[in-house]
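# predicted coordinates and the sequence they were generated for:
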Amino acid sequence: MKFVLIFGPQAVGKMTVGQELEKLTSLKLFHNHMTIDLVSHFFSYSTKEGKRLVNLFREEIFNEVAKSDLEGLIFTFVWAFNLESDKEYVDRIAKKFEDNGGEVFYVELEANLEERLVRNKTPHRLAHKPSKRNLEWSENDLKSSVEKYRLNSLPGEIQKKNYVKIDNTNLSPAEVAIMIKDTFKM
């Protein structure tokens, strides 16, 4: 079992890279908006109820996949490095897979803000993430998160065996997926 965590700021390309990696491997993609957008029909993700339901669905999926005979899972996540709770969350998910004999791979993506603002509006992103279709809100959220959170790690901050950081500002999702596949010999 392989668990690939692709993380980075909003609109960095986590989902599209995950889709390309899914094509190259036998791993299944579980991008974070699959649960956010499901729950948002009932409760905003910003509410206590919305967060609880999103986390409940994710936890149950992780639990079942970790003990299944699937080859593995790709999960995307916006990790705020200035929040200890996000580190604890990542560690808890990784432990589920490791406790079931799985191997965890950490893929950090980074791209400059200008590129992320362009990517935030792409038809592909909007087709797969209904909650991002309010472009004014989405762009404001992206910009304000830069001020509130540190969404990329500092040099040497992540000390994991299977870790790679990729600046994908000028790379296609397919190129990044190939880099991940080659780096971790998937």
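Yes, it's here.
# for the spatially most central residue of the chain, which residues make a bridge with it?
For the chain, residue 76 is the residue whose C-alpha lies nearest the centre (CA atoms, centre = their mean; 1.7 Å). Here residue 76 sits in beta bridges with residue 6, as judged by DSSP bridges.
# surely it touches residue 9?
No. Look at residue 76 against residue 9 with CB atoms under 8 Å: they stay out of range, at 11.5 Å. The C-beta positions use only the backbone N, C-alpha and C, and glycine is treated the same way.
# low-confidence bits of the chain, can you list those?
Counting by pLDDT under 70, the chain has low-confidence residues at 126.
# run a quick neighbour tally on residue 60.
10 (other CB atoms under 10 Å).
# also the one 10 residues further on?
For residue 70, the count of nearby residues is 14 (other CB under 10 Å).
# that one should be in a strand, yeah?
No. Under DSSP: H, G, I helix; E, B strand; the rest coil, residue 70 sits outside any strand and is assigned coil.
# ok, it - contacts?
Applying CB atoms under 8 Å, 6 or more residues apart in numbering, we find residue 70 in contact with 1, 28.
# each with direction, which strands does the longest strand seen in the chain pair with?
Counting by DSSP state E, the longest strand found in the chain is strand 103-110. In the sheet, strand 103-110 lines up against strand 2-7 (parallel), strand 163-167 (parallel) (DSSP bridges).
# got a list of contacts for it?
With CB under 8 Å, 6+ apart as the criterion, strand 103-110 contacts 1-9, 12-14, 17, 94, 97-98, 152-153, 158, 160, 162-169, 176, 180, 184.
# which one of the strands paired with strand 103-110 lies nearest to residue 142?
strand 2-7 (15.6 Å; CB to CB).
# list the neighbours of the helix or strand hosting residue 141 that are in contact with it.
For residue 141, the element it lies in under DSSP states H and E is helix 135-148. Applying CB under 8 Å, 6+ apart, the contact partners of helix 135-148 are 9, 10, 11, 78, 113, 116, 117, 120, 121, 132, 151.
# hang on, isn't the fourth one packed against residue 5?
I take that to be residue 78. No. Counting by CB under 8 Å, residue 5 is not a contact partner of residue 78; they are 11.4 Å apart.
# neighbour-wise, which of these two wins?
Taking other CB under 10 Å, residue 78 and residue 5 do not tie; residue 5 has more neighbours (23 against 16).
# kindly provide the distance from that one to residue 56.
Using CB to CB, to the nearest Å, residue 5 is found at 19 Å from residue 56.
# repeat for residue 113
Using CB to CB, residue 113 is found at 33 Å from residue 56.
# cool, residue 150 as well?
In this view, residue 150 and residue 56 are 27 Å apart by CB to CB.
# over to residue 105?
Counting by CB to CB, the gap from residue 105 to residue 56 is 25 Å.
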